[in-house]
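*Asks:* Turn this into a model:
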Amino acid sequence: MDAMKKRIYIADDDDNIRQVVKTFLSSDGYETEDFPTGDLLLERFRQEPCDLVILDVMMPGADGFSICTELRKLSTVPIIMLTARDTENDFAMGLGLGSDDYITKPFSAMALLMRVRAIFRRIDFESRKHETPAYAPVSVGKLTLDEDKRRILVEGKPLALSPTEYDVLKYLMLHADQAVSREELLNTVWGFESVVETRATDDTVRRLRQKLGGCGVNIAAVWGYGFRLEESK
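*Replies:* Down below sits the predicted model:
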């Protein structure tokens, strides 16, 4: 999908930040709408969903964490949390609620743009690959990986997954019964690596475990290393 066809909603109570972010994204070909509160963004999203959300945490009305939670009830749209908070707990909370990335202020608008591009590139790369002949299905337990439609099925029914959750579970399925390191997941799925951001893998895996109950699989922890997807015994 062309960048011109992608719409991004931005919520931040700082007018200057909204305008800078909007300017950078618009100059890169994205359609943008900005809001001073998360409540207004959520109201707009309910009327017409977008392709990606950039969401500040500290805003008047409902905070970004609450808005992220509500968005996840409605959609698997990619969400980037944008905030002045800079603690591991806040980082983990944002990812734990289902956001796909988390950037702290002060930040470079170009760095944010690169994160946006990375998320869309990952999704579009999968879509382009699937224009070629279909992949052979991969099954683990009751899960079946449908790469052509970028989804994972549980006994034929699609599992509700965010883009990041899909990419993590897909990678684990393709490497079933193999130990996969946190760093490997970070580099493959998020495209970056750091000591703090290894929490991203832990929190995404925690959400996946909650969704995989009764699916005949288990994401086992490999102590001091990472994870392994295996069929439940």
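*Asks:* burial count for Ala176?
*Replies:* Around Ala176 sit 18 other residues, with neighbours defined as other CB atoms under 10 Å. The C-beta positions use only the backbone N, C-alpha and C, and glycine is treated the same way.
*Asks:* Over to it: give its phi and psi.
*Replies:* When read as degrees, to the nearest 10, the backbone of Ala176 gives phi -60, psi 140.
*Asks:* So it is in contact with Glu230, correct?
*Replies:* Yes. Taking CB atoms under 8 Å as the contact criterion, Ala176 and Glu230 are neighbours in contact, 6.9 Å apart.
*Asks:* and stretch 50-69, how far out from the chain's middle?
*Replies:* Between the mean C-alpha point of stretch 50-69 and the mean C-alpha point of its chain there is a distance of 14 Å (CA atoms, centre = their mean, to the nearest Å).
*Asks:* cool, stretch 179-192 as well?
*Replies:* From the chain centre to the centre of stretch 179-192 is a distance of 14 Å (CA atoms, centre = their mean).
*Asks:* Now that stretch: buried residues?
*Replies:* Neighbour-count burial for stretch 179-192, with 16 or more other CB atoms under 10 Å as criterion, is recorded at 180, 182, 184-186, 189-190.
*Asks:* so which of those residues comes closest to Leu41?
*Replies:* For the buried residues of stretch 179-192, the residue nearest Leu41 by CB to CB is Trp190; the value is 23.7 Å.
*Asks:* Closest to the centroid, which residue in the chain?
*Replies:* Using CA atoms, centre = their mean, the residue of the chain that lies closest to the mean C-alpha position is Asp100, 2.7 Å off.
*Asks:* mind listing what that residue touches?
*Replies:* With contact taken as CB atoms under 8 Å, 6 or more residues apart in numbering, Asp100 is in contact with 78-80, 119, 162-164.
*Asks:* How much space separates it from Trp223?
*Replies:* Summarising the geometry, the distance separating Asp100 from Trp223, computed by CB to CB, to the nearest Å, is 27 Å.
*Asks:* do Leu186 as well
*Replies:* Using CB to CB, we find Leu186 at a distance of 18 Å from Trp223.
*Asks:* Same check on Leu172?
*Replies:* Plainly put, Leu172 is 17 Å away from Trp223 if you go by CB to CB.
*Asks:* Show me which of these two is the more surrounded one.
*Replies:* Higher neighbour count among Leu172 and Trp223: Leu172, with 24 against 6, using other CB under 10 Å.
*Asks:* In strands only, show me the buried residues of stretch 179-192.
*Replies:* Val180 (DSSP state E).
*Asks:* With respect to Gly61, which of the buried residues of stretch 179-192 is nearest?
*Replies:* Nearest member of the buried residues of stretch 179-192 to Gly61, counting by CB to CB, is Trp190, at 29.7 Å.
*Asks:* these two touch, right, the closest one and Asp101?
*Replies:* Yes. When contacts are counted by CB under 8 Å, Trp190 is listed as touching Asp101 (7.2 Å).
*Asks:* what about the strands in the protein?
*Replies:* Counting by DSSP E, residue ranges of the strands within the chain are 7-11, 31-35, 52-56, 79-83, 101-104, 138-140, 143-146, 151-154, 157-158, 180-181, 217-222, 226-231.
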